[in-house]
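Visitor: After the sequence you'll find the predicted model.
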Amino acid sequence: MCSLFSLPESSFLERRSAAILENKFKTKLIHELEVMFPGCIVLHMDANSIQGIPDLLILYGNRWAALEGKRFRNASHRPNQDYYVDLMNRMSFAAFIYPENKEEVLHELQQAFEP
């Protein structure tokens, strides 16, 4: 059994570096969403509230979408993330987004937000 405190320093630093990269991606993504959809509200969801809930909720006019940001295509999914992205996509629009598919997902989101 391994706790955060017993991880080798290199493993801890790798995880911290990966988290920083993911946060930078999400920060830039939020700015892009605000430019693409003027007047939208982008909320960062609390993963501690509902395990697996997507990171971002975008409110735009009378529509909404949810995005789960990942640092790269093969990044691991936490428990319930697939469930909630699928559920919310059936309700409105939801997707996993990462640098490799960002343009495609933003295009699909733009179509979903069209009247």
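Guide: Yep, that arrived.
Visitor: Give me the residue ranges of the chain where confidence is low.
Guide: Low-confidence segments of the chain, defined by pLDDT under 70, are located at 1-21.
Visitor: Let me see the ranges of the strands in it.
Guide: 41-44, 56-60, 63-69, 94-97 (DSSP state E).
Visitor: For the chain, which segments are assigned as helices?
Guide: Remark: helices of the chain, listed N- to C-terminal, are 9-36, 81-91, 102-113; assignment by DSSP state H.
Visitor: Output the ones you listed in TSV, with mean neighbour count and distance to Q51 appended to each entry.
Guide: For the C-beta atoms, the positions are set from N, CA and C on the backbone; glycine is no exception. Putting the helices of the chain into TSV (neighbours: other C-beta atoms under 10 Å; distance: least, C-beta to C-beta, whole Å) gives the following:
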stretch	mean neighbour count	distance to Q51
helix 9-36	13	18
helix 81-91	15	9
helix 102-113	14	23
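Visitor: Redo those helices as JSON lines? Include distance to R73.
Guide: Shown next, in JSON lines, are the helices of the chain (distance: least, C-beta to C-beta, whole Å):
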{"stretch": "helix 9-36", "distance to R73": "12"}
{"stretch": "helix 81-91", "distance to R73": "14"}
{"stretch": "helix 102-113", "distance to R73": "11"}
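Visitor: Of all these, which one comes closest to N48?
Guide: With respect to N48, and counting by C-beta to C-beta, the nearest of the helices of the chain is helix 81-91 at 14.0 Å.
Visitor: one step back: identify whichever of the helices of the chain lies nearest to R71.
Guide: Nearest of the helices of the chain to R71, taken as C-beta to C-beta: helix 9-36 at 4.1 Å.
Visitor: thinking again about what came up before, among the helices of the chain, which is nearest Y60?
Guide: Ranking the helices of the chain by their distance to Y60 (criterion: C-beta to C-beta) puts helix 102-113 first, at 5.3 Å.
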